[in-house]
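Q: sequence plus predicted model, see below.
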Amino acid sequence: MKLKAKILAVAVCAMALCVALVGCAGGGKNGDAAANFQGDWMLSGGQQDGQELDAESIKAMEDMGLYVYIQLNEGGQAVISLFGTNTDGTWEAKDATTVALTFEGDTADAKLEGDELVLSVDGSSLKFKKGTIPAEAAAGTGATDDAGQAAE
């Protein structure tokens, strides 16, 4: 599945889950640009069709073992994990606030907005904050891609 389709699918699933849960619950220099992005980025919000994905909904998803995160590793290696399915890719800092993410041959730019990395595709967006990937996200919920590779 292409990157744009995956991001759109995650945004749609996250928004649908958000609606369901609500119903149930009532800058650096260019030379140092890579340092701005390297690390683990956990889903912190998003938007699709004017609906916001908030922290409470994300917490509820994570309580059910559904995690979304991006790892931007040293050397330009990347992993995107969407609800336990990991896809390997690459990343490259374009400047101090923009990073190019490439997964399965598709490239999309993500921008730093304050402390959030915002990935926007076709009118939908996912927001990520630097954090620590919980052990259960990386190991306990089947967090491997189709080839059976584990996240770093």
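A: Structure's in. What do you need?
Q: from residue 85, how far out is the residue positioned nearest the centre of the chain?
A: Residue closest to the average C-alpha location in the chain (Cα atoms, centre = their mean): residue 69, at 4.0 Å. Between residue 69 and residue 85 the distance is 12 Å, computed by Cβ to Cβ, to the nearest Å. C-beta: built from backbone N, CA, C; applies to glycine.
Q: show me what the helix or strand containing the residue nearest to the centre of the chain is packed against.
A: In this structure, residue 69 sits in strand 68-72 according to DSSP states H and E. Counting contacts by 3 or more Cβ pairs under 8 Å, 6 or more residues apart in numbering; DSSP states H and E, strand 68-72 is packed against strand 39-48, strand 77-82, strand 124-130.
Q: dump those strands to TSV, plus mean pLDDT and distance to residue 100.
A: Formatted as TSV, the helices and strands packed on strand 68-72 follow (pLDDT from 0 to 100; distance: least, Cβ to Cβ, whole Å):
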stretch	mean pLDDT	distance to residue 100
strand 39-48	94	15
strand 77-82	95	10
strand 124-130	95	15
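Q: re the thing from before, ok, the strand holding residue 69: who's next to it in the sheet?
A: The strands beside strand 68-72 in its sheet (DSSP bridges) come out as strand 39-48 (antiparallel), strand 77-82 (antiparallel).
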